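Q: everything below, folded, please.
(3 chains)
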Amino acid sequence: MSPSNRCIMHIDCNSAFLAFSAAHRLQQGDSLDLRTIPSAVGGNPETRHGIILAKSIPCKAFNIQTGETLHAAFQKCPTLVIVPPDYPLYVKCSNAMMEIIKDFSPAYQKFSIDEIFLDYTNMQKHFGHPVDAAHKIKDRIKNELGFTVSIGISSNKLLAKMASDLKKPDAVTTLYPEEMAQKMWPLDIQDLFMIGPCTAPKLRAMGINTIGELAAADLNLIRYRLKSHGELIYNYAHGIEASLVHTGKHIDMKGIGNSSVIPFDVDDRLTAHQILLSLTETVAMRLRDAACVARLISVSVRDTNFRTYSHQRKIFSATDSTNEIYRIARDLFDEAWQGEALRHFGVRVSELCSNEFQQTSFFDDVHKEKNQALDRAIDSLRFRFGSTSVHRAGFLNSGIKPLMGGIGSTDEMSVMTSIL
DNA sequence: TCTGGGGTCCTAGGACCC
DNA sequence: TCTGGGGTCCTAGGACCC
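A: A predicted model of the protein is given here:
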């Protein structure tokens, strides 16, 4: 089968978080549909989480942007209704949507919490023409789950994704290679997947303002200015992209991390250590849940001036131990911190491998086995009785949550990649 | 009244080895 | 005492996605 004979769909939820919350409220008996008024899912400014995460379509008239502060949004629209995020609900909605979609093909890839790729190649005999099948998918999601999606259809993932963006909400759109000139090339350069706020100005400075102009540009010049990323977006502008719909249940994770803004400025070492421990608890739990061990530990912080820096270390033998990861994270922090007030902390582990053939070192902690047993015992208690059932005495009265970050379960929640 | 959290990938520079 | 170039690994930071 030649690549151009593939049939790929991209299913994209419209205003996902807001739509999920709105649909849920209607199901709970609320008479107001948040999607019909200027409304948004947003954080809590008092805990310094005050940004817009998702907005309703009526917000467009007020020029409210995702990612901007609630304060700025209220300036634009004083009647704006804000609802708090509900991540467990979003995971449920996402999974329910996938259950419907997988009725239409065994080959599907969860790309993010609100986007799925479906390989519809060879499925016509079962569900008909791709456009008809897409309408069936879209309507089933609307009728059964109460929110709308936009579906793009093409011969590869990039064009399918671009297609789903062309018409919103509640729409089905094709963007086959022969339609690029008409449907995609007139679009602004920043509408192309993988051209962000940093690359767009560089292209504009070269006189390239539309996707079509990028497609017509000199590849050597683009490559010279933008290196391999230049070649990538040049190919995308021509609709060239050949990655597979990764069906495997187990997409290998490259890393696991938690990070959080702290509601107050942190300027003492002890508090910083507690925060790192709290972040490490969830990171290590997710690591063990994925049956992995990690070889690279990194810590990142952001100060009150929004300067971010990080410090990382490769360790000799990979680990999944909360205590071990914490000890390294703490050392990394102590080495990097210059004493200024901090507002944001992150702990991340990467270079993962299966814990099956864990290499042991002569120098390993003699308490290693005891530590492992303790980690597993705590994991199972938290699994059975909830994540708040067990935590360390050090957190009592500290004002810091014992377990920070880490949404839901890792089950089948595959990872988004910048390369499709 | 400020500015989230989860990821992936790429590049540059220095260390180190041959 | 002065001198090379290539390859690989490690680390920090930045760009992009949702």
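Q: let me see the contact set for the closest residue to A:Ser39 other than its chain neighbours.
A: With Cβ to Cβ, 6 or more residues apart in numbering as the criterion, A:Ser39 has its nearest non-adjacent residue at 4.1 Å, and that residue is A:Val81. For glycine as for every other residue, the C-beta is placed from the backbone atoms N, C-alpha and C. Applying Cβ atoms under 8 Å, 6 or more residues apart in numbering, one finds that A:Val81 lies in contact with A:Leu34, A:Ile37, A:Pro38, A:Ser39, A:Ala40.
Q: as a markdown table, these with secondary structure would be great.
A: Compiled in a markdown table, these are given as follows (DSSP: H, G, I helix; E, B strand; the rest coil):
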| residue | secondary structure |
| --- | --- |
| A:Leu34 | helix |
| A:Ile37 | coil |
| A:Pro38 | coil |
| A:Ser39 | strand |
| A:Ala40 | strand |
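Q: I'd like to know which of these are buried.
A: Neighbour counting by 16 or more other Cβ atoms under 10 Å classes A:Leu34, A:Pro38, A:Ser39, A:Ala40 among the contacts of A:Val81 as buried.
Q: which is the next helix or strand following the helix or strand containing A:Asn220?
A: If you go by DSSP states H and E, A:Asn220 is part of helix A:219-237. Sequence-wise, the next helix or strand beyond helix A:219-237 is strand A:255-266, with elements assigned using DSSP H and E.
Q: and the end-to-end length of stretch A:151-164?
A: With Cα to Cα, to the nearest Å applied, stretch A:151-164 spans 5 Å between its terminal residues.
Q: ditto for stretch A:391-404
A: For stretch A:391-404, the first-to-last residue distance is 12 Å (Cα to Cα).
Q: tell me the buried residues in it?
A: By neighbour count with 16+ other Cβ under 10 Å, stretch A:391-404 contains the buried residues A:His391, A:Phe395, A:Ile400, A:Lys401, A:Pro402, A:Leu403, A:Met404.
Q: list of residues touching that stretch?
A: Surrounding stretch A:391-404, the residues in contact under the criterion Cβ under 8 Å, 6+ apart are A:258, A:260, A:271, A:274-275, A:277-279, A:281-282, A:285, A:387-388.
Q: quick one on the thing from earlier: close to DNA strand B, is the helix holding A:Asn220?
A: Yes - with Cβ under 7 Å from any atom of the strand as the threshold, helix A:219-237 lies in contact with DNA strand B, specifically through A:Lys227, A:Ser228, A:His229.
Q: of those, which is the most crowded?
A: Comparing those on neighbour count, A:His229 comes out first with 16 neighbours (neighbours: other Cβ atoms under 10 Å).
Q: once you drop chain neighbours, what's closest to it?
A: Closest residue to A:His229 in three dimensions, ignoring its sequence neighbours and counting by Cβ to Cβ, 6+ apart: A:Thr199, at 7.0 Å.
Q: relative to A:Leu214, how far out is that neighbour?
A: Between A:Thr199 and A:Leu214 the distance, using Cβ to Cβ, to the nearest Å, works out to 10 Å.
Q: do A:Asn143 as well
A: Applying Cβ to Cβ, one obtains 40 Å for the distance of A:Asn143 from A:Leu214.
Q: these two: which is more packed in?
A: Comparing A:Asn143 with A:Leu214 by neighbour count (other Cβ under 10 Å), the higher total belongs to A:Leu214, at 22 against 9.
Q: ok, and the closest non-adjacent residue to the more buried one?
A: Here the residue nearest A:Leu214, using Cβ to Cβ, 6+ apart, is A:Ala237, at 4.2 Å.
Q: quick check: the one you found touching A:Leu192?
A: Yes - using Cβ atoms under 8 Å, A:Ala237 and A:Leu192 qualify as a contacting pair, with a distance of 6.3 Å.
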